[in-house]
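1. Fold the following and give me the result.
(2 chains)
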Amino acid sequence: MANTLNPVTDTNTAANSITDVPHTHNNKLAADDTMLADQYKHIPGWGMDADDHDPAYPMRHYNGADHQRINYEKPPQQPVTVEILHSIERPTVSRVTSDRLPPKGLSGAIRRAAFKYSEANAMHWMGLILADRVNMVEGVIDDLRRGHIPNIIEERGWKAEWKYNRKGVIKEALIGAAIITAAIAFSSSKNKKKKALKAMRAMKAKVTS
Amino acid sequence: MIAMNFRGPYRIRVDRNKPEPEILHPQDAIVRVTRSCICGSDLHLYHGLVPDTRIGSTFGHEFTGIVEEVGSEVTKLKVGDHVLVPFNIACGACPLCKQEMYGNCAESNSMATAVAGIFGYSHTAGGFDGGQAEYVRVPYADISPIKIPDGMDIEDAVLLTDVTPTGYQAAEMGGIQKGDTVVVYGAGPIGLMAARCAWLFGAGRVIVIDHLEYRLEFARKFSFAEAYNFKEMDDPVVFVKRTTDWWGADVVIDAVGCDASGSAFQTVLGKKLLLQAGSATALHWAVNSVKRGGILSIIGVYGPPWNLFSIGSAMNKGITIRTNQASVKRLLPRLIDHIMTGRLSPKDIITHRMPLEEVSEGYHMFSAKRDNIIKAVLIPPKANVA
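-> Numbering: from 1, shown residues only, chains lettered A, B, ... in the order given. Next comes the predicted model:
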């Protein structure tokens, strides 16, 4: 056989650099399954699940059950105790639902509006994304109202950043400090210029009067 | 109870007094969590890319736990059982469940028809609280959860709730024929598992493409794959063509989803301006990398609105696109067999174990790819198992 590349062996040696990639297709290298199995015997379970998988899931499990879609025996309905928004592409709520975080406030109003549109409509999804951002602000207001000031360092997991990327944190802090210093310096020099100009104008006005 | 609490993009805190869940439906169970994971798809929520992710949500769709309470109609589980809980919430009765499409159940999510109920995955997936907490309400407890088999490591068990079946199904949907060349975009936990499972279906060559060197190195060892860095390529599509005799891969798996790197245009449009469901760079490359008449398996998670990728090329090339959320319950028997016989060892991808109380650091590390993280497992204070 002219093409005797063993991709796995080569993989673990030289073939992992971009410049040394094998320029060949390994498809059907071996004449039969036995040869292939022998080629890959170092890989546990090679080829064990190869049979009977084409056509692939879910087609091969088709059993016509969806033709009985009206008459199937449904689980009992969970009592609905909070407002559940449901897609207008289905007739009602599902048999189980979550009672967590029902819509409320401005974000809730936006969510209700979004659910008037189908899942095919941009207004639905963009509305929900907008509601999420509004909800984030509501969360901060709610925290403050309850006397909780969000700990951004903790919430953003920056302890881990300090532990595993200390150099990067220091670098970013220095860059940030430099940008702020430059901005302050620029703004104060602009203010100084403005003040000097104002003083000159005042002096000029005094002289002419 | 202690639970993770989402406060907005990149902001998570730990609640210490969240009310414990209650039985709300006769087929519910309450489970005390023993292990939970942070999944790559949780990052899409963390980054604010999934619509209807409400403030106060608790994420986590990969978890194991001990049954603390059962509803009046639960017959298969009993208090004290140590169970693994698949991420799909499935009724077991609807026509989709009857066809083993447990990831598409018609009776678990009111909010969208595009996806079934998923624990801790936004109100778009039903609004159910997830497993990054001490206790979880598990609807339809008789259907998906199963007792962890005797002798199985709890870390293998928790990875059977999503990552292992999802990676396996990605390979399965590829319809891999013996000797096929399989390209996997993404060397995260799902990509690694998909690449590993591709061999089970008889792949002849498995190529993983990512941009993080430590993950590529992991792919070489864990997945027995060739692994290449797209940042070292002029164009990954041309790379794939060149390395397949200018033909294209027989099967391409998109295991990246909507947080893809590699295209400034896609990043700005999808991740900054939110004008599409995240960045579809990997999907676009996947369509173009597969051979004419080949199969594209999409397992990466995208938000529901829309994405920019070359559907025209897909049509002109005559490729078959197969995609779905993993149907975990369907795959469990086969995967348990693979694990118990040693053919698969999912726990090898776990690189970090941390207390639940450090969940915000865990998310940051996973998002920023610190400390060579591949997979993080959270351990609640009340786990009480070895």
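2. Quick check: the residue of chain A nearest chain B.
-> Residue of chain A nearest chain B, by C-beta to the nearest C-beta: A:G157 (2.8 Å). For glycine as for every other residue, the C-beta is placed from the backbone atoms N, C-alpha and C.
3. in what helix or strand does the residue nearest to that residue when sequence neighbours are not counted lie?
-> Sequence neighbours aside, B:H364 is the residue nearest to A:G157 in space, at 2.8 Å (criterion: C-beta to C-beta, 6 or more residues apart in numbering or on different chains). Applying DSSP states H and E as the criterion places B:H364 in helix B:359-368.
4. how about the helix or strand following that helix, does it reach chain A?
-> Toward the C-terminus, helix B:359-368 is succeeded by strand B:376-379 as the next helix or strand (DSSP H and E). No. Strand B:376-379 lies apart from chain A when judged by C-beta under 8 Å from any C-beta of the partner chain; the minimum separation is 10.7 Å.
5. For strand B:376-379, C-alpha coordinates in CSV please.
-> C-alpha atoms of strand B:376-379 as CSV (Å, rounded to 0.1, in the frame of the first residue of the first chain):
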residue,chain,number,x,y,z
ALA,B,376,-14.4,22.4,36.7
VAL,B,377,-16.5,20.5,39.2
LEU,B,378,-18.2,22.2,42.1
ILE,B,379,-18.6,20.5,45.4
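6. partners of that strand, with directions?
-> The strands beside strand B:376-379 in its sheet (DSSP bridges) come out as strand B:29-38 (antiparallel), strand B:352-355 (parallel).
7. and the ones you listed as CSV, adding mean neighbour count and mean pLDDT?
-> Shown next, in CSV, are the strands paired with strand B:376-379 (neighbours: other C-beta atoms under 10 Å in any protein chain shown; pLDDT from 0 to 100):
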stretch, mean neighbour count, mean pLDDT
strand B:29-38, 26, 98
strand B:352-355, 16, 97
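8. Export these as a markdown table, with columns for distance to A:A37.
-> What follows is these, written out as a markdown table (distance: least, C-beta to C-beta, whole Å):
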| stretch | distance to A:A37 |
| --- | --- |
| strand B:29-38 | 34 |
| strand B:352-355 | 36 |
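9. in stretch B:303-319, what counts as buried?
-> For stretch B:303-319, the neighbour count (16 or more other C-beta atoms under 10 Å in any protein chain shown) marks B:G303, B:P304, B:P305, B:N307, B:L308, B:F309, B:S310, B:A314, B:K317, B:I319 as buried.
10. From these, pick the one nearest chain A.
-> B:P305 (4.3 Å).
11. how about the residue nearest to B:C258 when sequence neighbours are not counted, what does it touch?
-> Here the nearest residue to B:C258 in space, its sequence neighbours aside, is B:G278; by C-beta to C-beta, 6+ apart that works out to 2.5 Å. By C-beta atoms under 8 Å, 6 or more residues apart in numbering or on different chains, the contact list for B:G278 reads B:H44, B:L49, B:G257, B:C258, B:D259, B:A260, B:G270, B:K271, B:Y302, B:G303, B:N307.
12. ok, 7 Å please
-> Residues near B:G278 by C-beta atoms under 7 Å, 6 or more residues apart in numbering or on different chains: B:H44, B:L49, B:C258, B:D259, B:G270, B:K271, B:Y302, B:G303.
13. For the stretch 101-250 of chain B, which segments count as strands?
-> Counting by DSSP state E, counting those that start in this stretch, the stretch 101-250 of chain B has strands at residues B:117-118, B:135-138, B:146-147, B:181-185, B:205-210, B:226-229, B:249-254.
14. Show me how chain A divides into domains.
-> A:1-59, A:158-208 (automatic domain parsing).
15. average pLDDT across the first one?
-> Which is domain A:1-59. Summarised as a single mean, pLDDT over domain A:1-59 is 61.
16. same check, this time on the shortest one
-> Domain A:158-208 shows a mean pLDDT of 88.
17. any idea how far the closest residue in space to A:A114 that isn't next to it in sequence lies from A:R133?
-> Nearest residue to A:A114 in three dimensions, chain neighbours excluded: A:G127, at 3.0 Å (C-beta to C-beta, 6+ apart). Separation of A:G127 from A:R133 (C-beta to C-beta, to the nearest Å): 11 Å.
18. what does B:A141 give?
-> 35 Å.
19. Quick check on the two: which one has the bigger neighbour count.
-> Each of B:A141 and A:R133 has its neighbours counted (other C-beta atoms under 10 Å in any protein chain shown); B:A141 has more, 28 against 15.
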